[in-house]
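1. What would the 3D arrangement of this be:
(2 chains)
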Amino acid sequence: MRRSHREGGTTALRWWILALLFLAITINILDRQVLSLVAPGLMTQLHITNTQYGVILMFFMLGMTIGQVPVGQALDRYGVRRGFPGLIFLWSIVNMLHGAASAVAQFCGLRFLLGVAECGTYSAGVKVIGQWFPAEERAFACGIFNSGSLAGAIIAPPVIVWLMTRFGWRAAFVLPGAIGLAWVLPWLRVYRKPPATEDKREPEGAVLVRDLLRLPAVWGVIAIRAFSGPVTQFYWYWLPSYLNRARGMSLAKIGMLAWLPFLCGALGNLGGGWLSSRLIRSGWSINRSRKTVFSLSVGLCLSAVLVPEVSSTFAAMTLLCAASVGINSVAANHIGILTDMFPESVLARVTGLTGVGDGVVSMIMMLVTGIVIDHFSYFPIFLGVGLFPLLVLLSLAILVGPVRRLPIERFSVCSVPPSA
Amino acid sequence: MPDVLERVRSAPRPAPEKSAGITDSELLKLVALPVSRLRRAARVKFRIVRDPPALIEDFAQAILRELREGHRRKEPVRLILPIGPVAQYRRVVEVCNRERISWRNVYTFNMDEFLDWEGRPIPLEHPMSFEGYMRREVFDRLDPDLRMPTEHAFFPHPFRIDEISERIRQLGGIDACFGGIGYHGHVAFNEPPISRWHRVSVEQLRQSRTRVLSLGDDSIVVQSIQCSGGCAAAVPPMAVTLGFGDILQARRIRLYCAGGERHRAIFRISVAGRVTTDYPSTLVQGHPDAEVVTDRATAEPVTIGIR
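-> Numbers count the residues shown, from 1 in each chain, chains lettered A, B, ... in the order given. This next block holds a predicted model:
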């Protein structure tokens, strides 16, 4: 008995499914945050250098980047009912196995697998929402789904630190993994094949990636993400070690405070998007409002430069929060200009390209960060983290130019014959 | 030979570590803080006991707690032990002999040892030999049936440099690391690695392994005042020390700092100063279970003036 989502029977069901999706992304972020929170203790106990930690992080990003396409294909092939819990099962097991690891190579391998398994969460979630929610509810549903990552980032520090201080770092990997395994059961019970949807698939291949890469604006949006994404990654993965090792903050205090920059980041994400839409509504041009918000956000990112200079914890946390607001606002507006500039037919591919740019630069940055911290200090890193976003403005000015809808359709008709 | 010059010029060399140390103004503010405000600023737990004898008693009781706990759990007790302070050992031995606490399942790792000017071990009979002191004054004073097997006591050795780290790893890590804090913040002989030629980053010092080093002038002067009536020539000029890599992986770290007035500054820097290689004891900040114990006289704020 299959009914449309507009009918009564499945109404409640789709909210249950959304709740499970929310939990899935919360668990996803919780799982990937375990390593960075246990890193200070783990590195001391296992004599892991920052350089080696950087390599471990790089393998996670490598997994994320390489996994995108095959995992997406697998999800399409096996469907989300079995495919999605399969991924969560895999990453939960991999996460729990971290607790048994003791060599750098083992962590690299596990991190790679975790990256592969976790990279599909977002696309699977969006796919489920697309199948279960009517168009007018999708933005709201996506918002709830997205805020799961915020919930994950906020609960991770206190929960993981509590687990670690109470039962040791190995246990800190096991419990979040177990939660992931527990998630699988309600999903298999609740999730059914979606009602028939009226989704029309976009004809694919109308514009080739090669053609897109001929546009400077495409390189511009790739550069913007490649210069801002790695900064976000730095805060995700290096902040707890910095607070512990360079600022002497106890783990308990990290548990109490480390979620603040992430909360501010979430506010920056919402605030940055809100501010530019507000400016646009008040009559500013899209170009002017986006660029104003980009400039303000990058200005906030600069505060990271001062972090190693200040001695009080309060001042350092304030600066970190400001920088986090800035970089997340950059991210929100990056998504904003993508939708401003590119028609839906190429949006996914352009977003994919920016993701590749982010992945490649982040991998390099993780390696460099470890080496610099080992041989010098955190100072050059924060200098970089603060100044790197300036390149966002440079890319915006030189490569992107005025923010406006690009005539891609026209361009595609001229240069590429229709695939059909 | 322009290309040779070019090669020398372009050879990678570590840049000076910017913003690593504590600035003078920060330092002067820190050493003058009242104790109540120091507590708020502290990044590592500290406890103030009445006076040096109370501190020694506290130290002895902490070691005894480890020994009793090991007995209770029937597990080996793995300790890193210092020379300086030393008075606690007499008390520990006395209690162990009285209460029949056996050391059979105890493993001790001494933090450091003096070496002669050629970097070779000094004889056990040398008045400054740490190993000699431990064997004579601690291990041999235990009743024979309570003593630990000789091979359970480890001392860093310049010719078997990685032996201790390897043994610690095989034994499953250290339960507790006890130590003192030197005048310039050295823990074991991890002195501030200052050289005109080489720079060591915080992270390199944090990961440092057992190593041989020439002692800094300040260490030699302080040692000579404590141990040889100010005769610096009597202090062996080199040492071998455990690195921070082994010290920081101990489950508990307890540092005792009670030099009175001359330790006031380093006590405060250790608990609330910025993490820096200039004062290596700051590296214990952020350890999940570290504590610095001091006495009232040492915890007082510094007063600067001629007296």
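2. For residue 29, the count of nearby residues, please.
-> Since you didn't name a chain, this refers to chain A. Residue A:29 has 22 neighbours, counted by other C-beta atoms under 10 Å in any protein chain shown. In this view, the C-beta of every residue, glycine as well, is placed from N, C-alpha and C.
3. could you do chain B instead?
-> Residues within reach of residue B:29, counting by other C-beta under 10 Å, total 13.
4. Same check on residue A:210?
-> Residue A:210 sits with 9 neighbouring residues when counted by other C-beta under 10 Å.
5. Would you mind measuring from it to residue A:353?
-> 11 Å (C-beta to C-beta, to the nearest Å).
6. Quickly list what's touching both of the two.
-> Residues touching both residue A:210 and residue A:353 by C-beta atoms under 8 Å, 6 or more residues apart in numbering or on different chains: none at all.
7. Need the phi and psi values for the residue of the stretch 201-350 of chain A found nearest chain B.
-> Closest residue of the stretch 201-350 of chain A to chain B, C-beta to the nearest C-beta: residue A:248 (2.6 Å). The phi and psi torsions at residue A:248 (degrees, to the nearest 10) take the values phi 60, psi 20.
8. Give me the below-cutoff pLDDT ranges for the chain.
-> Let's take chain A. Where chain A drops to pLDDT under 70, the residues are A:1-10, A:195-207, A:408-420.
9. Correction: the question concerned chain B.
-> Along chain B, segments meeting pLDDT under 70 span B:1-20.
10. quick one: residue B:294 is in a helix?
-> No - residue state for residue B:294 (DSSP: H, G, I helix; E, B strand; the rest coil) corresponds to strand; a helix is not indicated.
11. And it, how close does it get to chain A?
-> Applying C-beta to the nearest C-beta, to the nearest Å, the value for residue B:294 to chain A is 17 Å.
12. residues contacting that residue?
-> B:46-49, B:55, B:256-258, B:263, B:267.
13. Kindly recompute the last result at 7 Å.
-> Going by C-beta atoms under 7 Å, 6 or more residues apart in numbering or on different chains, residue B:294 touches B:46, B:48, B:257-258, B:267.
14. hang on, residue A:64 packs against residue A:115?
-> Yes - Residue A:64 is in contact with residue A:115 according to C-beta atoms under 7 Å; the separation is 4.1 Å.
15. got the contact list for the residue nearest to the residue of the stretch 201-350 of chain A closest to chain B when sequence neighbours are not counted?
-> Excluding the flanking residues, the one nearest residue A:248 by C-beta to C-beta, 6 or more residues apart in numbering or on different chains is residue B:285, at 2.6 Å. Residues near residue B:285 by C-beta under 7 Å, 6+ apart: A:248, B:43-44, B:275.
16. For chain A, give me its nearest residue in the stretch 51-200 of chain B.
-> Closest to chain A within the stretch 51-200 of chain B is residue B:173: 7.1 Å, counting by C-beta to the nearest C-beta.
17. So that residue is in contact with residue B:252, correct?
-> No - counting by C-beta under 7 Å, residue B:173 sits too far from residue B:252 to count as a contact (11.0 Å).
18. Can you dump the C-alpha atoms of stretch B:77-96 in CSV for me?
-> Extracted as CSV, the C-alpha positions of stretch B:77-96 are listed here (Å, rounded to 0.1, in the frame of the first residue of the first chain):
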residue,chain,number,x,y,z
VAL,B,77,53.8,-0.5,40.4
ARG,B,78,55.7,1.5,37.9
LEU,B,79,57.2,4.7,39.1
ILE,B,80,59.5,7.5,37.8
LEU,B,81,61.4,8.8,40.8
PRO,B,82,63.6,11.8,41.3
ILE,B,83,66.7,12.7,43.2
GLY,B,84,65.9,16.1,44.7
PRO,B,85,64.0,16.2,46.9
VAL,B,86,65.3,13.1,48.7
ALA,B,87,64.1,13.3,52.3
GLN,B,88,60.8,11.5,51.5
TYR,B,89,62.6,8.2,50.7
ARG,B,90,63.7,7.8,54.4
ARG,B,91,60.1,8.1,55.5
VAL,B,92,58.9,5.7,52.7
VAL,B,93,61.5,3.1,53.7
GLU,B,94,60.6,3.5,57.4
VAL,B,95,56.9,2.9,56.7
CYS,B,96,57.5,0.1,54.3
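19. mind listing what's buried in that stretch?
-> Going by neighbour count (16 or more other C-beta atoms under 10 Å in any protein chain shown), the buried part of stretch B:77-96 is B:77-86, B:88-89, B:91-93, B:95-96.
20. what's the burial count for residue A:365?
-> 24.
21. Then residue A:82?
-> Neighbours around residue A:82, by other C-beta under 10 Å: 13.
22. What of the one 3 residues further on?
-> Look at residue A:85: counted by other C-beta under 10 Å, it has 23 neighbours.
23. wait, isn't it in contact with residue A:187?
-> Yes - the pair residue A:85 / residue A:187 is scored as a contact, 5.0 Å apart, by C-beta under 7 Å.
24. Take the contacts of residue B:285 and lay them out in TSV including secondary structure, distance to residue A:336 and neighbour count.
-> Shown next, in TSV, are the contacts of residue B:285 (DSSP: H, G, I helix; E, B strand; the rest coil; distance: C-beta to C-beta, whole Å; neighbours: other C-beta atoms under 10 Å in any protein chain shown):
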residue	secondary structure	distance to residue A:336	neighbour count
A:248	coil	39	25
B:43	coil	41	22
B:44	coil	45	21
B:275	coil	40	25
